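Enquirer: What follows is a predicted structure for the sequence shown.
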Amino acid sequence: MKLAIRGLSKVFVTGTGEQVPALDGIDLTVEDEEFLCILGPSGCGKTTLLRIIAGLDSPTAGSITVDGEALSGPSRRIAMIFQEYSLYPWRTVLENVAFGPEVLGKDREERRATGRKYLDLVGLSSFEKSFPYELSGGMRQRVAVARALATDPAVLLMDEPFGALDAQTRNLMQTELQEIWKKTQKTILFVTHSVDEAVFLADRIVVLTPRPGRVREILSVKKCPHPRDRTCSDFVEIRRHVLDLIAGGSAD
Amino acid sequence: MKKPIGIILPILILIAWEIAAQAINNQFILPKLETVIPVLLHPTVDILGTGSLLHNALVSLERVGAGFLVALVIAIPLGVGMGWSRRLEAFADTTVQLFRPIPPLAWGPLAIAWFSVGLSSMVFIIFLGAFFPILLNTIDGVKSIKRTWVEVAQTLGATERQILGKVVLPGAAPTIWTGLRVGFGIAWMCVIAAEWLPGTTSGLGYLTLYAYNFGQMQYIIAGMISIGIIGIAFDILFRWVEDRWFAWRGLER
């Protein structure tokens, strides 16, 4: 599934009527089964871009098409994973994962089977009866990933999903996400402000400028094979290049 | 009672009561402990021809139950609507704020005029007492729902109806429950006073007023203690359910 973003702009209007441009003329094509990281400093509108693709915000100008078909509002083919813990605390882990199939009207047996399948994928089968507050931060995000996958979307949007985790858990989650991506063959749009995370995960990295967000550069990381070694020379070189881009961007 | 130390003061009050009652030695002002306790120990014995303590308590509870149920059925859907839709809130909020400060009992004369004496007018007053705490807590609970909870449901394809039923209502449930607990407490206070309205012939409130006409202070105090005990019992019940069902609210990090 191919996601095409053309001339996308977003202007927020504050309470005092002031216009604040958040995104300015974003052009971006995401290929099928691609892992694309969107990288930029805080306030560059990267979360806004993701929210617009998810159908949670509407653009001021521009369009998004999925396989040539215009997108308006939330779509079943696109699922989103949020930074903050978004699990339903009154539901068990399995009921959380089965939420998508449930609202799509699947019967109890089917949605439990689907839920178990994706819990197994994220390695949390033995926690299906637990409640979210009984889990660690990393485990909760894995449940959130399983929940997003359970409706079998073509595209996964991830908004700094590991931002709240400690460094060790974060590295572990990045590796696991890589494996999940390979197994499920989803298209992933991953927003982060961590250069290291972007270089480790992505096929391509889209670097945005500070507010208003524009595409500064799109660079390929494909010459580094997965699983990536953070100390290999290509990795270090790309990382340095991206860091220079961002440092240059904020000096503007 | 959280700590054993809390039991000391009630015991001291009981002792002081008994000493004062012995000193005053006037059953019409302060009955002695030994005249009140037997009344409480025999809740099924008829009192002055009005029926037993237990019977009157059940009558009062029935009225509270009816008024509370009506309040709940109207306040929760309205509260969900007002918490969810800014337009509905803007439309109804001023009216709610205008009616809320009027004490339920101030409606007494109107209640009698509209519904005549009896069950309906009492249920109406109890309804008013329970309605506002339930409504306001429901609105507050719905408004404090995490935005991402709703957005997750939207991205997973839930309809607005599903979002209300599967996300908003369960997410607001702990706060709504608090509203029910507070509402029930106020309803219980209202029933006692509503039973003082003319034309009433039963209930714990009626019992205390009726006993006053005969100067039977021990029945008044026994009635008051029963009212207190029933109030506490329901509060404990509500809290117990809260701890069991809504433990997630306190444990969420």
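Expert: Everything's here; your move.
Enquirer: From now on I want contacts and neighbour counts done on CA atoms only, so please keep to that.
Expert: OK.
Enquirer: Can you name the residues of chain A sitting close to chain B?
Expert: By Cα under 8 Å from any Cα of the partner chain, the residues of chain A that approach chain B are A:54-56, A:74-76, A:78-82, A:86-90, A:100, A:103-104, A:133, A:148, A:151.
Enquirer: In PyMOL, how would I select the buried members of those?
Expert: Selecting just the buried residues from those in PyMOL takes one command, with 16 or more other Cα atoms under 10 Å in any protein chain shown as the test:
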select buried, chain A and resi 54+55+56+74+75+76+78+79+80+81+82+86+87+88+89+90+100+103+133+148+151
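Enquirer: number of nearby residues for the closest residue to residue A:82 other than its chain neighbours?
Expert: Sequence neighbours aside, residue A:159 is the residue nearest to residue A:82 in space, at 5.2 Å (criterion: Cα to Cα, 6 or more residues apart in numbering or on different chains). Neighbour count of residue A:159, defined by other Cα atoms under 10 Å in any protein chain shown: 22.
Enquirer: and what of residue A:183?
Expert: Neighbours of residue A:183 (other Cα under 10 Å): 10.
Enquirer: Equivalent analysis for residue A:20, please.
Expert: Counted with other Cα under 10 Å, residue A:20 comes out at 13.
Enquirer: Flag the shaky bits of the stretch 1-150 of chain B, pLDDT-wise.
Expert: B:1-2 (pLDDT under 70).
Enquirer: still on that earlier bit, which ones among the residues of chain A next to chain B are found in helices?
Expert: A:54, A:100, A:103, A:148 (DSSP state H).
Enquirer: Would you mind listing the two of those that lie farthest apart?
Expert: A:54 and A:103 (17.5 Å; Cα to Cα).
Enquirer: ok so, going back, let me know the closest of the ones in helices among the residues of chain A next to chain B to residue B:142.
Expert: residue A:103 (20.2 Å).
Enquirer: Give me the spatial nearest neighbour of that closest one, chain neighbours excluded.
Expert: residue B:158 (5.4 Å).
Enquirer: What of residue A:74?
Expert: Once flanking residues are discounted, residue A:74 sits nearest to residue A:55: 4.2 Å by Cα to Cα, 6+ apart.
Enquirer: who's in contact with the one you found?
Expert: By Cα atoms under 8 Å, 6 or more residues apart in numbering or on different chains, the contact set of residue A:55 is A:71-75, B:155.
Enquirer: How about residue B:141?
Expert: Here residue B:141 is in contact with B:83, B:171-176 (Cα under 8 Å, 6+ apart).
Enquirer: three-state assignment of it?
Expert: Here residue B:141 takes the helix state, with states given by DSSP: H, G, I helix; E, B strand; the rest coil.
Enquirer: Only alpha carbons, please: show stretch B:17-27 as PDB.
Expert: Taking C-alpha atoms only, stretch B:17-27 is exported to PDB below (Å, rounded to 0.1, in the frame of the first residue of the first chain):
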ATOM      1  CA  TRP B  17     -24.400  11.500  77.600                       C
ATOM      2  CA  GLU B  18     -25.200   9.000  80.400                       C
ATOM      3  CA  ILE B  19     -23.700  11.200  83.100                       C
ATOM      4  CA  ALA B  20     -25.600  14.200  81.700                       C
ATOM      5  CA  ALA B  21     -28.800  12.200  81.400                       C
ATOM      6  CA  GLN B  22     -28.500  11.100  85.000                       C
ATOM      7  CA  ALA B  23     -27.700  14.600  86.200                       C
ATOM      8  CA  ILE B  24     -30.600  16.300  84.300                       C
ATOM      9  CA  ASN B  25     -32.900  13.400  85.100                       C
ATOM     10  CA  ASN B  26     -35.500  14.600  82.600                       C
ATOM     11  CA  GLN B  27     -36.600  12.000  80.000                       C
END
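Enquirer: so how far is it off the chain centroid?
Expert: Computed by Cα atoms, centre = their mean, to the nearest Å, the separation of stretch B:17-27 from the middle of its chain amounts to 33 Å.
Enquirer: Just the buried positions in it, please.
Expert: B:17-18, B:21.
Enquirer: Okay, and which of those map to helices?
Expert: Filtering the buried residues of stretch B:17-27 for helices - DSSP H - leaves B:17-18, B:21.
Enquirer: Next, format those residues as a markdown table and append distance to chain A.
Expert: Formatted as a markdown table, these follow (distance: Cα to the nearest Cα, whole Å):
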| residue | distance to chain A |
| --- | --- |
| B:17 | 48 |
| B:18 | 51 |
| B:21 | 53 |
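Enquirer: List the beta-bridge partners for the residue nearest the centre of chain A.
Expert: In chain A, the centroid-proximal residue (Cα atoms, centre = their mean) is residue A:158; its distance is 1.7 Å. Residue A:158 forms beta bridges with residue A:81, residue A:190, as assigned by DSSP bridges.
Enquirer: That one touches residue A:149, doesn't it?
Expert: No. Shown here, residue A:158 and residue A:149 do not form a contact pair, counting by Cα atoms under 8 Å, at 11.8 Å.
Enquirer: Who are the packing partners of the lowest-mean-pLDDT helix or strand in chain A?
Expert: Ranking every helix and strand in chain A by mean pLDDT, DSSP states H and E puts helix A:233-251 at the bottom, with a mean of 75. Using 3 or more Cα pairs under 8 Å, 6 or more residues apart in numbering or on different chains; DSSP states H and E, the elements in contact with helix A:233-251 are helix A:195-201, strand A:204-208.
Enquirer: Now do the strands in chain A.
Expert: For chain A, the strands defined by DSSP state E occupy A:3-13, A:19-30, A:35-39, A:61-66, A:69-70, A:78-81, A:155-159, A:187-192, A:204-208, A:215-220.
Enquirer: Flag the shaky bits of chain A, pLDDT-wise.
Expert: Along chain A, the model assigns pLDDT under 70 to residues A:248-252.
Enquirer: Flag every buried residue along the top helix by length along chain B.
Expert: In chain B, with assignment by DSSP H, the single longest helix is helix B:53-84. Residues of helix B:53-84 classed as buried by neighbour count (16+ other Cα under 10 Å): B:53-57, B:60-72, B:75-76, B:78-84.
Enquirer: so what secondary structure elements neighbour that helix?
Expert: The helices and strands touching helix B:53-84, judged by 3+ Cα pairs under 8 Å, 6+ apart, are helix B:86-99, helix B:119-143, helix B:169-194, helix B:204-213, helix B:217-245.
Enquirer: Need the winner for burial among these.
Expert: Mean neighbour count (mean count of other Cα atoms under 10 Å in any protein chain shown) peaks for helix B:119-143 among these, with a mean of 25.
Enquirer: what's the angle between that one and helix B:169-194?
Expert: Angle, helix B:119-143 to helix B:169-194, by axes from the mean of the first three to the mean of the last three Cα atoms, to 10 degrees: 150 degrees.
Enquirer: Mind checking if whichever helix or strand comes after helix B:119-143 is in reach of chain A?
Expert: The helix or strand immediately downstream of helix B:119-143 is helix B:147-155, counting by DSSP states H and E. Yes. Helix B:147-155 is in contact with chain A by Cα under 8 Å from any Cα, via B:148-149, B:151-155.
Enquirer: what helices or strands is the helix or strand just after helix B:147-155 leaning on?
Expert: Per DSSP H and E, the first helix or strand lying C-terminal to helix B:147-155 is helix B:160-163. Applying 3+ Cα pairs under 8 Å, 6+ apart, one finds that helix B:160-163 contacts helix B:147-155.
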